[in-house]
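> Predicted model follows, preceded by the sequence.
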Amino acid sequence: MKTVKIFSLTFPSSLSSVDSGSYLHSKDVIFDPENKILIFKKGGVVSTDTYHNFWPIKKLFSLTNVEFFTVHISGHGKFLIEIFSVIDDDFYIKEKFEMSRIFTLRGEYSFKFDIKEGQGLAYVKITSLEDNNHIDSIELLGKVQELNKVLVSCNICTFNRQSYIKNFVENVASSFLDNDKILFRIINNGNELGFLLPSNCEVIKNKNTGGAGGFSKGMQLSIQDPLVTHILLADDDIRLDKEVIERTLAFLTIVKKEFSDCFISGAMLSLDEPWLQYERNSSLSNKGFQPRGSNLDTCRDRIGVIRDISANPAQGLAGWWYMVMPSKVVKEYGLPLQIFVRGDDVEYSLRCNRQNISINGICVWHEPFCKKYNEIMEDYYLVRNMLLISN
């Protein structure tokens with residue numbers, strides 16, 4: 001059998017950050033963000049029942065080929081580890097104890113995680129039984145018979161946002177230099193970037209045809225490459241963690257064939273209020289846009305978080321701030337209309353009519369739309385684009 005790392009523990013910038021509660025719940029813990037180490041004194045506790053670190057067990061069993069899970073932990077010290085499942089049956093949230101172990105850790109430790117397919121989410125609670133202990137990593141591994149062949153072309157369209165692109169290259173793309181499952185294309189509609197790129201990044205110089213035109217150029221190049229299986233579209237002005245891409249690649253390597261035509265839709269959170277989820281994805285009806293998972297407080301709304309993570313794949317609109325589509329779908333439905341400014345991702349989602357899969361932790365942070373409000377854009381471009389879509 002093959003082993004896939006599905007989830008790694010994602011850390012906040014610090015335990016005092018305003019969104020730390022969406023990453024970890026802890027008591028008597030000192031956090032070293034540079035080395036990603038949790039340091040406990042005796043009785044210190046950390047748990048992962050959070051927006052970013054819940055394990056979506058039911059979703060993984062139903063959408064992927066995983067047969068069973070193992071938990072891999074690295075660190076030093078004596079600990080009590082407990083695993084709980086959380087089930088939402090539409091009437092109430094039910095929490096259930098699954099297993100516990102006491103172990104002394106001197107490096108790495110793995111164990112099989114026996115859990116039923118019907119369980120919803122799962123999380124780990126770790127209690128330190130000694131002083132001066134630390135946990136370096138907690139990973140959920142999946143066991144599958146075979147892995148899907150995957151090569152993702154990550155396309156980012158930019159216009160004179162060199163600082164954003166440089167940050168993305170240094171903090172995200174450079175982490176995948178030795179990864180043969182992803183390559184990066186920067187479609188540059190503006191001035192020269194002015195800095196060197198790593199070997200896994202390519203710059204495509206393009207005239208300023210807007211976001212849709214730039215994405216269309218990247219998609220065209222991607223489908224011409226017979227090895228590319230998926231196309232990832234991402235805005236240039238987002239912030240994301242490399243774990244977002246790692247979870248994306250892991251999911252694609254184990255997704256079931258019957259769900260291989262679906263889109264992966266990344267959730268959008270606020271750069272100003274990083275605990276706030278704007279939307280997971282949305283739908284469009286005669287009543288207008290209807291965002292799903294909107295205005296979710298990822299730190300405090302535990303029931304909302306559980307139900308948002310548990311959500312099934314659904315028809316709708318996938319935003320191009322972070323969206324993954326199979327190359328075969330693009331070959332079948334063609335390139336997007338070059339609708340300038342607004343409505344490009346809406347038109348393409350409606351045309352392809354795919355189900356959207358969302359996975360917690362696959363998300364980006366984006367500047368609030370209210371800061372981008374422009375009366376001409378709203379009164380002209382958005383109305384014009386919606387009329388084009390309606391036709």
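Cool, got the structure.

> Where does the prediction get shaky in the protein?
The model of the chain has pLDDT under 70 over residues 339-344, 368-391.

> Go again with 80.
Along the chain, the model assigns pLDDT under 80 to residues 33-36, 90, 208-212, 285-289, 337-345, 368-391.

> all helices of it, in order?
Under the criterion DSSP state H, helices of the chain are mapped to 57-63, 162-171, 210-223, 242-254, 302-310, 327-333, 344-352, 375-376, 383-390.

> Mean neighbour count and distance to Ile359 added to these, as TSV?
(C-beta placed from N, C-alpha, C; glycine too.) Written out in TSV, the entries for those read as follows (neighbours: other CB atoms under 10 Å; distance: least, CB to CB, whole Å):
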stretch	mean neighbour count	distance to Ile359
helix 57-63	21	7
helix 162-171	16	21
helix 210-223	22	22
helix 242-254	22	6
helix 302-310	19	8
helix 327-333	16	19
helix 344-352	21	18
helix 375-376	8	37
helix 383-390	14	28
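
> So which of those helices is nearest Asp28?
Each of these has some distance to Asp28 by CB to CB; the shortest is helix 302-310, at 21.5 Å.

> what's next to that closest one, contact-wise?
Residues outside helix 302-310 that contact it (CB atoms under 8 Å, 6 or more residues apart in numbering) are 22, 49-51, 54, 56, 58-59, 86, 88, 93, 120-121, 277, 280, 293, 296-298, 360.

> State the number of residues packed around Lys36.
Here the number of neighbours of Lys36 (other CB atoms under 10 Å) works out to 14.

> likewise Ile156?
By other CB under 10 Å, neighbour count at Ile156 equals 26.

> if I pick Gly214, what's in contact with it?
For Gly214, the contacting residues are 157-159, 187, 189, 206, taking CB under 8 Å, 6+ apart as the criterion.

> let's see 10 Å
Gly214 is in contact with 155-159, 186-190, 204, 206-208, 233, 236, 338, 344, counting by CB atoms under 10 Å, 6 or more residues apart in numbering.

> Dump the helices of the chain into TSV; add distance to Asp136 as well.
Shown next, in TSV, are the helices of the chain (distance: least, CB to CB, whole Å):
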stretch	distance to Asp136
helix 57-63	24
helix 162-171	20
helix 210-223	36
helix 242-254	15
helix 302-310	25
helix 327-333	37
helix 344-352	39
helix 375-376	51
helix 383-390	49
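
> and of those, who's closest to Ser199?
Of all the helices of the chain, helix 162-171 sits nearest to Ser199, with 11.5 Å by CB to CB.

> and the closest one, what other elements does it pack with?
With contacts defined as 3 or more CB pairs under 10 Å, 6 or more residues apart in numbering; DSSP states H and E, the secondary structure elements packing on helix 162-171 are strand 152-158, strand 182-188, strand 201-205.

> can you list contacts of the last one?
Spelled out, it's strand 201-205. The contact list for strand 201-205, computed with CB under 10 Å, 6+ apart, reads 153-158, 165, 168-169, 173-174, 176-177, 183-190, 192-193, 197, 214, 217-218, 220-221.

> just the strands in the stretch 51-200 of the chain please.
68-88, 93-113, 121-128, 133-144, 152-158, 182-188 (DSSP state E, counting those that start in this stretch).

> Of the ones you listed, which is nearest Ser349?
Sorting these by CB to CB, the top spot, which is the nearest, belongs to strand 152-158 at 16.5 Å.

> Report all helices and strands that the closest one contacts.
Counting contacts by 3+ CB pairs under 10 Å, 6+ apart, strand 152-158 packs against helix 162-171, strand 182-188, strand 201-205, helix 210-223, strand 230-235, helix 242-254, strand 322-326.

> make it 7 Å
In this structure, strand 152-158 packs against strand 182-188, helix 210-223, strand 230-235, with contacts taken as 3 or more CB pairs under 7 Å, 6 or more residues apart in numbering; DSSP states H and E.

> Columns distance to Lys125 on top of these, output as a markdown table?
Listed next are these as a markdown table, based on distance: least, CB to CB, whole Å:
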| stretch | distance to Lys125 |
| --- | --- |
| strand 182-188 | 33 |
| helix 210-223 | 42 |
| strand 230-235 | 34 |
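
> rewinding a little: show me the one of the helices of the chain that comes nearest Ser265.
Between Ser265 and these, the shortest separation by CB to CB is 9.0 Å, and it involves helix 344-352.

> Let me see the residues that make contact with that closest one.
For helix 344-352, the surrounding residues in contact (CB atoms under 7 Å, 6 or more residues apart in numbering) are 211-212, 284, 316-320, 329, 333, 336-337, 339, 389.

> Many thanks, I have nothing further to ask.
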